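Visitor: Generate coordinates for the sequence data below:
(2 chains)
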Amino acid sequence: MCPETFLRVLGPKPWRVAYPQPSRRPADGRYGENPNRLLKHTQMQVVLKPPPETIQDIYLQSLAELGIALGDHDIRFEEDNWEAPTLGAWGIGWQVMLDGLEISQFTYFQQCGGIDLDPISVEITYGLERIAAFLQNVNDVFEVKWNNQLTYSDLRREDERELSVYDFEEASADTCRKVFDLWEQEAARLLGSGDPAEAATRRIPLRKAYELCLKCSHLFNILDARGAISVTERVALIARIRKLATRVAAIYSARESQVLEEARA
Amino acid sequence: MSGPETKPLLVEIGCEEIPARFLTNAQRHFGEKLKVSLSENRLLPDHSEVNTYSTPRRLVAHLPVVLTHQDDLEVTVQGPSLKAAYDIEGRPTRAAESFAAKNGQTVADLTRVQTPKGEYVALIRRTAGRAAEDLLGEILSGVITSLEFPKSMVWPGKNGMRFVRPIRWILVHFGADQESVAASFPIISGLAKEFSGAGIAVGYETRGHRSLGLPGPIAVENFDDYSKKLRENFVEFDPSSRLAKVKNQVQALLDKNELKLVGDSELEEWIVNSTEWPRAILGGFDRRFLALPREILITVMRGHQHYFAVEDHAGNLAPHFITVLNMDGDPKGLIRHGHERVLTARFRDAEFFWQADQKIPLRDRLPMLDRVTYQKDLGTYGDKVRRMRMIATEICQLLEGQEKITSQETNYALRAVELSKCDLTTQMVQEFTELQGIVGGLYAAAQGEPQAVADAIYDQYRPVGLEGDLPRSLVGAVVSLADKIDSVVGGFLAGIEPTGSSDPFGLRRAGNGIVKVLVEREIAWSYLHLITVGLRAHQAEPSGNMADRLEFFLTERLAFYVERARGYRPDTFRAVRAVGIWSVVEAVGRAEALENIRDTEDFVSLSIAAKRTRNILTKSAKDISLGGLRLDESLLEPGAERELYEAYLQAFETVTPNELIAGSSSVGVSGPGYIGDPLVQLQRLATLRPAVDRFFENVMVMVDDEKLRLNRLLLLKLLDNHVFSAIVSLSEIAPGPAHVDASTSKAPSEKR
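Guide: So this is what the prediction gives:
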């Protein structure tokens, strides 16, 4: 979860952003053999804070703008709530189905970094490979034409294969754990301890600390995909990452309210 | 004279897509809460209709008859007693004055009421009725904000509105024509004030189907107009009409293509609750996927894609599916094509899982179970399998002793137990959790385990519900029992036993499964031993309070089974239970025998006599103790008394020799305390009836002569112990016309 989302949904300041974001999910790796599923796919992420009241219509209109004829297709909002326990974040929403294919996740964020959001934000993610395959009317995301010479397969098939081999077969659990520990220590050192309001007045590189927290989260996902985590370890690892994430969020929120107070004064 | 003036009320809550699984309940609660709130506010005449409807985007209530005005309310408030209210000279006292003042009236307004305690002063408090228009805003906002969902959200901020998804509009119509628009104004402005912060548009407009209807709000005049305009805008707001539509369309597709549906009422409900304008279409997939097991194909289609699976007339899965769109049709076939593509990718995923999972056979996955939590206080699945093994070993010993299974089958059962949970670590089960067990069975077969082992793994979660299929073999029954006994005993030990209507770990269902398997597979296993074995597997003390609670729990499950699966009357089981239960098999046998005989004339009469006997003994037991006394035959008077004794001896000796007479309880650890067929025995008992009747007609028990009285009480006690409570406790039976209880026990009798 990009800091442009994680941090900006905190606090009262309105915010609107859209950006493409590679999304890595080790457990979704299929060695480049599945027509719809990728270990690393690209999402267009949109965050609107607060959400406009006509947001669903706006979203549907955005699909029409992409070239999907709404009258010819069956677009459904099916219950699907989103949760990232390592980041203390969750929301309520749907997966958006286009003729039975999930193309978007549509989430009203309720909590982030363990903080109740006020106002809430809406996050809409567009699965770009799937939408491209749909628009180009091909049966497999790897058949998507990147340009006149290259397909998505030319660009990405080998990546998928190799990433799957690493995450499922080769990843060294020992190394992952060691690196996890190091990054965690570094983040914890940056974030310090004590009152977040006090920490907010210091020159803490929050975004760097958050990035390290994300790296830990990814290592956790690799360990999980490898089946290398025991039950108790799993709970403990999630708690360790969550601790970093909630600390980042608490300091960021404190900074935001300090800025707001200064503006009022 | 015409009645009070009424108007129809139409309310629609327009919401972003409500999850299908919540919709049916949400519709019902909406109606119930409206009804309660309007009744409390004296706006709903008794027995008036509250019609509710729903789609994913709306909850609708239509009440044809709502009062336009509350009645004036008169409440009589009771004050001090007459004595305290007036002094001797009849002047109001301070108490009377302050009572009147407190109610905003004067002593001149006081009246009198007569109560069982005497006469009191009272006041009539009148509240003028208010116009419905002035009340409905508050009533409706109260109802809307009180609707609860299993999972809801807040918007626009943390102290804002809470609902399942954001509400976007509310339509209110109070009245049947144009003029109602004006009449509804106070209601609408009240609601608007309440909800504008949450961005909800309150008014007279509804909305059509997202892509097929007119864009924007659609004004309606009354309920008929609402119905008509919604249907013109591709919204069928009545779920029962959508269901009928889906059924008809599906049937037409089946008929046209000579296919049969793999029926699924849950899926039907999901479809009805996730569409506003359903349209069924047929799609297809590549035949090569039919090589995957049927169970997996169906799960992929129904679980992930909400498709109906279809078969040919021979019952083989066909390379087709039916999906229901929320559209009017698919003239270009684009939507069908999209679904087919998605399904192909899903099937390829299933193929991938299947192939990836075979790299580590089930037998090598056992150590991995030590990393999978079963329940936080009950360890891992590795621990659970070790416990199941202990339980299964005991059951197999029992069955081998009864020559019901061979030692080879014991080996199969233990092997199946060991592999039973290994599929939890497979990708297939992680993707399709509902296939746990089934995938294990399929993999075991593919990996060369004996078919008996594979089938037992496959069947381990059977039976599902009272109507569900049993495990196909005794080996499978052993695995199923071991799983469920471990779950139930473990659940009780971990303090997660069911309470009231809450049973988050499904222990009642597991208990029902234990009973059904034991009874229908005729596994005569001592009840107490079963509990002891379960507790020992958990290294818990097999005695005391925990064992008692488990025994009570299982007996309740057995009662449920006897009533629901067999359709016997509740007092039939009470009569069985009162005597004690050795095993569920024999208990059901006795219940069946009793159910068959209890309506015969002799038996009805005997039951009445049993109750009478019990009453006499209970009453006399207050005053005297019969303990240690023996019946003195010489004191028996010739005639009815002696005849009864002889009839008793004769009937009894042929039925239940020594053991019963010697034992105090009729149930032992080694076996039930009676022998032979319970029906034959009950028939023999029934032959006592004339002698019993004659005794009660002609012999006085509570005579003055103490010796005689005690001797007669002893005779009754013999009867009570050895006849009326020998096999079942006859005094528990409520005599009366046949099946009086059955009609109220809503027991659908199951095929036997």
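
Visitor: what does the domain assignment say about the chain?
Guide: Using chain A. Residue ranges for each domain of chain A read A:3-167, A:172-260, as given by automatic domain parsing.

Visitor: wrong one, I was asking about chain B
Guide: What automatic domain parsing lists as the domains of chain B is B:6-70+B:131-232, B:73-127, B:239-358, B:376-565, B:588-740.

Visitor: For the stretch 51-200 of chain A, which residues are neighbours of chain B?
Guide: Contact residues (Cβ under 8 Å from any Cβ of the partner chain) of the stretch 51-200 of chain A with chain B: A:51, A:53, A:56, A:60, A:70-79, A:81, A:91-92, A:94, A:98-101, A:108, A:110, A:116-120, A:134, A:139. Quick note: C-beta positions are derived from backbone N, CA and C, even for glycine.

Visitor: Now with 7 Å, please.
Guide: Within the stretch 51-200 of chain A, the positions lying close to chain B (Cβ under 7 Å from any Cβ of the partner chain) are A:53, A:56, A:60, A:70-74, A:76-79, A:81, A:92, A:94, A:98-101, A:108, A:110, A:116-120, A:139.

Visitor: Quick check: the gap between residue B:124 and chain A.
Guide: Residue B:124 sits at a distance of 51 Å from chain A (criterion: Cβ to the nearest Cβ, to the nearest Å).

Visitor: For that residue, name its beta-bridge partners.
Guide: When bridges are called by DSSP bridges, residue B:124 pairs up with residue B:76.

Visitor: residues in contact with it?
Guide: B:74, B:76, B:111 (Cβ atoms under 7 Å, 6 or more residues apart in numbering or on different chains).

Visitor: let's see 8 Å
Guide: Applying Cβ atoms under 8 Å, 6 or more residues apart in numbering or on different chains, one finds that residue B:124 lies in contact with B:74, B:75, B:76, B:77, B:109, B:111.

Visitor: In JSON lines, list the domains of chain A along with mean neighbour count and mean pLDDT.
Guide: Formatted as JSON lines, the domains of chain A follow (neighbours: other Cβ atoms under 10 Å in any protein chain shown; pLDDT from 0 to 100):
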{"stretch": "domain A:3-167", "mean neighbour count": "18", "mean pLDDT": "95"}
{"stretch": "domain A:172-260", "mean neighbour count": "17", "mean pLDDT": "92"}
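
Visitor: May I see the ones you listed organised as TSV, with distance to residue B:563 added?
Guide: Compiled in TSV, the domains of chain A are given as follows (distance: least, Cβ to Cβ, whole Å):
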stretch	distance to residue B:563
domain A:3-167	37
domain A:172-260	41
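
Visitor: follow-up on the earlier one: I'd like the domains of chain B written out as CSV, with distance to residue A:150 and mean pLDDT added.
Guide: What follows is those, written out as CSV (distance: least, Cβ to Cβ, whole Å; pLDDT from 0 to 100):
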stretch, distance to residue A:150, mean pLDDT
domain B:6-70+B:131-232, 35, 93
domain B:73-127, 80, 88
domain B:239-358, 22, 95
domain B:376-565, 32, 93
domain B:588-740, 72, 77
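
Visitor: ok, longest helix in chain A?
Guide: In chain A, ranked by residue count with DSSP state H as the criterion, the top helix is helix A:231-264.

Visitor: Remind me what it packs against, helices and strands.
Guide: With contacts defined as 3 or more Cβ pairs under 8 Å, 6 or more residues apart in numbering or on different chains; DSSP states H and E, the packing partners of helix A:231-264 are helix A:3-6, strand A:115-127, helix A:173-191, helix A:196-199, helix A:206-225.
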